[in-house]
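A.B. asks: Got a predicted model here, sequence first, then my questions.
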Amino acid sequence: MSFTLVIHGGAGNITPAIMNAEQEAQYTRGLTEALDKGYHILQNGGTSLDAVVAAITTLEDNPIFNAGRGAVFTKKGLNEMDAAIMDGSNLMAGAIAGVRNIKNPIKLAREVMLRSGHVFLSGEGAAEFALNQGIEMAPDEYFFNRQRYDQWVEIRDSDYYQLDHKADNLKGQTDPEYKFGTVGAVACDAEGNIAAGTSTGGMTNKRYGRIGDSPVIGAGTYANNKTCAISCTGHGEPFLRAVVAHDVSCLMEYKGLSLQDATAVVVKDKLVKIGGEGGLIAVDAKGNYDFCFNSAGMYRGMRNSDGKEVVAFYGE
Ligand code: ASP
C-alpha cells in the first residue's frame, strides 16, 4: 500500500537571485515541517483528508506563508482568508471565503464539509458557524506581520492590488516580480483515497469581498478518486476563468490523459494563453504525483512511501 503527500507554499518569481541562504533555509524548514506532520498521519494509516489538514495547518501557522497567521492585508487593512477542502472518495467538499480571526481556516472548511449541510460559507455566516462549532479564533495581533503591513501601507490609497511578498502594483494583470504565498496539500492514502486542500490570505489590497480561486471547488481545489486531487496557487482571476483544477480532472476522466499530460495542458497552455501565472500540485489514486507551474518557481514538497522526498523552490 503506497501513500503520497504533496504540498505547496505558493508560486511566482522565485529564483536564486531573489532568495538568500537564510530564506532558503526558512522555506526548507517550513515545507519540511508540513511534510513531517502530514506524512506522519499517512504512515500511521490515517486518511488523506487528515494528512491534508495537518500539512496545511502547519503551513497556516508559519508566518512566511500567505495563509492563516501570515495572511496579507486587504484594502481595509484586514486579514480576510479563503480556504477549501475536498474528499475524493465521496466528492464531499467544504469551503469558506472572507473569514477573519480564524486561526486555521482549513479546519473551518473541513467543519463546513462535515457538519454544515452546505459546501460554501462566506463572511458573517461562516464566522457564526465557526463560533457554533468551537473553531479556534485568534486576535488581530496574531495575524500582524510588519513586512506584509508595510506592503499594504504603500498601496492602500491606490486602486492597485498585489499578490503577496512583492511591492509591485497590479491592476488585474500579472507582474513578473511577484510571488504567491498561498498554501495547499494533496494526498493519496494507503486505501487509495485522495484529498485536496488550499488556504490563502488572497492578495494585498484586494477589494472588499474579493474571492480568489483557492476556495472555489473546481477552480483552485478539487479531488476525485477517479482522476486526481489538485491544489492551485497563482493569480486567482485567470485560475477562476480557466476552472483549472476541474479541467485537469476532466482531461483525465473524459479524454484519458495521464496526470502529467493533463496538468501540462492546463498550466502550460490554457492558462498561459489567458495570462494566468502560477501552478498546481497534483496526485492520483495510485500515488502518481506532479508539480506543474508556468512561473519561475513554486515552493513545493513531496514525500511518499517509496522513500522519495522532494523540497524545491525553483524551476528546472
Ligand atoms: N490564488 C490566490 C488568490 O488569487 C493567491 C495565491 O495563490 O497566492 O487568492
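C.D. replies: Done, it's in. Numbering: from 1, shown residues only.

A.B. asks: Tell me, please, where in the protein the pLDDT is lower than the cut-off.
C.D. replies: In the predicted model, the chain carries pLDDT under 70 at residues 159-180.

A.B. asks: same for the longest helix anywhere in it, what does it pack against?
C.D. replies: Looking across the chain with DSSP state H, the single longest helix is helix 21-43. If contacts are counted by 3 or more C-beta pairs under 8 Å, 6 or more residues apart in numbering; DSSP states H and E, helix 21-43 sits against strand 4-12, helix 48-60, strand 183-188, strand 297-304, strand 309-314. Any C-beta I mention is one placed from the backbone N, CA and C, and that applies to glycine too.

A.B. asks: Relative to A229, how far out is whichever residue of the stretch 1-150 of the chain sits closest to the ligand?
C.D. replies: Residue nearest to the ligand within the stretch 1-150 of the chain: G10 (5.1 Å; C-beta to the nearest ligand atom). Counting by C-beta to C-beta, to the nearest Å, the gap from G10 to A229 is 18 Å.

A.B. asks: just the helices in the stretch 51-200 of the chain please.
C.D. replies: 105-115, 123-133, 146-155 (DSSP state H, counting those that start in this stretch).

A.B. asks: starting at the chain centroid, how far to the second one?
C.D. replies: Translated: helix 123-133. How far helix 123-133 lies from its chain's middle: 22 Å, per C-alpha atoms, centre = their mean, to the nearest Å.

A.B. asks: still on that earlier bit, neighbour count: G10 and A229, which is higher?
C.D. replies: Between G10 and A229, counting by other C-beta atoms under 10 Å, A229 is the more crowded of the two (36 against 31).

A.B. asks: my guess is that one meets D87, correct?
C.D. replies: No: using C-beta atoms under 8 Å, A229 is not in contact with D87, being 9.3 Å away.

A.B. asks: Next to the ligand, which bits of the stretch 101-250 of the chain? Give me the list.
C.D. replies: Neighbours of the ligand within the stretch 101-250 of the chain, by C-beta under 6 Å from any ligand atom: 163-164, 180-182, 200, 202-203, 212-214, 220, 233-234, 236.

A.B. asks: what's the most buried one of the helices and strands packed on helix 21-43?
C.D. replies: Of the helices and strands packed on helix 21-43, the one with the most neighbours on average (mean count of other C-beta atoms under 10 Å) is strand 183-188, at a mean of 34.

A.B. asks: how much does it deviate in direction from helix 21-43?
C.D. replies: Interaxial angle of strand 183-188 relative to helix 21-43 (axes from the mean of the first three to the mean of the last three C-alpha atoms, to 10 degrees): 30 degrees.

A.B. asks: so strand 183-188 versus strand 297-304, what angle?
C.D. replies: Counting by the same axes, to 10 degrees, strand 183-188 lies at 30 degrees to strand 297-304.

A.B. asks: Who does strand 183-188 pair with, and is each partner parallel or antiparallel?
C.D. replies: strand 4-12 (antiparallel), strand 194-200 (antiparallel) (DSSP bridges).

A.B. asks: Let's have the ones you listed in TSV, adding distance to G256.
C.D. replies: Putting the strands paired with strand 183-188 into TSV (distance: least, C-beta to C-beta, whole Å) gives the following:
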stretch	distance to G256
strand 4-12	22
strand 194-200	18
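
A.B. asks: closest to H40 out of those strands?
C.D. replies: strand 4-12 (9.7 Å; C-beta to C-beta).

A.B. asks: Alpha carbons of the closest one, in PDB - could you do that?
C.D. replies: Extracted as PDB, the C-alpha positions of strand 4-12 are listed here (Å, rounded to 0.1, in the frame of the first residue of the first chain):
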ATOM      1  CA  THR A   4       2.000  10.100  -1.100                       C
ATOM      2  CA  LEU A   5       1.800  13.700   0.300                       C
ATOM      3  CA  VAL A   6       2.400  16.700  -1.900                       C
ATOM      4  CA  ILE A   7       2.400  20.400  -0.700                       C
ATOM      5  CA  HIS A   8       2.900  23.900  -2.000                       C
ATOM      6  CA  GLY A   9       3.600  27.200  -0.400                       C
ATOM      7  CA  GLY A  10       2.900  29.500  -3.400                       C
ATOM      8  CA  ALA A  11       4.300  30.100  -6.800                       C
ATOM      9  CA  GLY A  12       5.800  33.200  -8.700                       C
END
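
A.B. asks: Need the helices of the stretch 51-200 of the chain in TSV (columns: mean neighbour count).
C.D. replies: TSV is the format used below for these (neighbours: other C-beta atoms under 10 Å):
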stretch	mean neighbour count
helix 105-115	24
helix 123-133	16
helix 146-155	16
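
A.B. asks: list the contacts for K226?
C.D. replies: Contacts for K226 (C-beta atoms under 8 Å, 6 or more residues apart in numbering) come out as M252, E253, A285.

A.B. asks: gap between H246 and the ligand?
C.D. replies: Separation of H246 from the ligand (C-beta to the nearest ligand atom, to the nearest Å): 15 Å.
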